[in-house]
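1. Give me a model of this one.
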Amino acid sequence: MKQTLFPTLVALSLTGCAATSDLPTGYALTPGQPEGLLIVSLTLSGEPLEKISSFEYRIRALAPEERKAVIARPYFESVPQHARGASRTTARAGGGQEIVVKGPSSAEPLDLWEGVTAGRVASLRLPPGAYEFYTWQLRDRAEANGGTEYSPKRPFSYRFVIKPGQATYIGQLNLDLREWKAQKITVEDRRERDLALLNKKVPSIGSVQVSSEVGQVHP
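-> Numbering: from 1, shown residues only. The predicted structure is shown next:
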């Protein structure tokens, strides 16, 4: 495991999309804090991102070892219950949350433009535990007859572990989408580039150690 000193990152909660910071002013990660930080770059290649209207990955928490995950879906027994609970339906029923690379509500410009590869460096504040990236969704720009939405036929798994009071870098997760819409997910260690990009974008509000835990994608 490699360690890198890096300014504390503006992080994002699993309870919302990755386009909005949820950290208070002056936030600093310390060893005694209950949450940890995830750092990852999310990119697309093979398809020009300027032709894409939205692109996102999805992340979910994993069940503890030796236990199996359950499916949780909300239900409502009355109209008032439905009105109160509808705003939380997507987050609870989906079993995970979106991390937006590009979308209609994306306020920040993209961080990465390297030839045909483009994307964003994201940082998320997460409770301790095991997680995985398991799917993606992409929409091309709609024309007169509408547009097309793409997602993988089968989920993939890129797993990582978040520890309390620690920041963890898990690499560049890239979707390569070619002609005939064949896709491949790969991971690369681009730590120096990604942390440098975040250092330019995010004010330095303290220093923490960033662990490098770049793994492998599994079908």
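
2. what number of residues lie near the nearest residue to Tyr150 once chain neighbours are set aside?
-> Once flanking residues are discounted, Tyr150 sits nearest to Leu138: 4.6 Å by CB to CB, 6 or more residues apart in numbering. All C-beta spots, glycine's among them, are computed from the backbone N, C-alpha and C. By the criterion of other CB atoms under 10 Å, Leu138 has 23 neighbours.

3. Repeat that for the one 10 residues further on.
-> Applying other CB under 10 Å, we find 11 residues neighbouring Thr148.

4. Backbone dihedrals for the residue nearest to Tyr150, please?
-> Note on Leu138: backbone dihedrals following degrees, to the nearest 10 are phi -140, psi 140.

5. for the longest helix belonging to the chain, which positions count as buried?
-> In the chain, with assignment by DSSP state H, the single longest helix is helix 191-201. Using 16 or more other CB atoms under 10 Å as the test for burial, helix 191-201 gives 191, 193-195, 197-198.

6. CA atoms only: put that helix into CSV for me.
-> Taking Å, rounded to 0.1, in the frame of the first residue of the first chain, the C-alpha atoms of helix 191-201 are listed here in CSV:
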residue,chain,number,x,y,z
ARG,A,191,-2.7,8.7,-8.9
GLU,A,192,-0.2,11.5,-9.6
ARG,A,193,-2.3,13.0,-12.3
ASP,A,194,-5.6,12.7,-10.4
LEU,A,195,-4.3,14.1,-7.2
ALA,A,196,-2.6,17.0,-9.0
LEU,A,197,-5.9,17.8,-10.7
LEU,A,198,-7.7,17.8,-7.4
ASN,A,199,-5.0,19.9,-5.8
LYS,A,200,-5.6,22.6,-8.4
LYS,A,201,-9.4,22.5,-8.2
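
7. what's the offset of it from the middle of its chain?
-> 16 Å (CA atoms, centre = their mean, to the nearest Å).

8. Next one: the residue nearest to Tyr150 relative to Gly119, how far apart?
-> 12 Å (CB to CB, to the nearest Å).

9. And for Gly129?
-> From Gly129 to Gly119 the distance is 25 Å (CB to CB).

10. Same check on Tyr150?
-> Tyr150 is 16 Å from Gly119, by CB to CB.

11. and the two? which has more neighbours close in?
-> For Tyr150 versus Gly119, neighbours defined as other CB under 10 Å are more numerous around Gly119 (23 against 16).

12. Surely that one is in a strand?
-> Yes: assessed with DSSP: H, G, I helix; E, B strand; the rest coil, Gly119 lies in a strand.

13. Tell me what the closest residue to it other than its chain neighbours is bridged to.
-> By the measure of CB to CB, 6+ apart, the closest residue to Gly119 outside its immediate chain neighbours is Thr43, 3.1 Å from it. With DSSP bridges as the criterion, Thr43 is bridged to Gly119, Asn174.

14. How many residues are close by Thr43?
-> Thr43 has 25 nearby residues by other CB under 10 Å.
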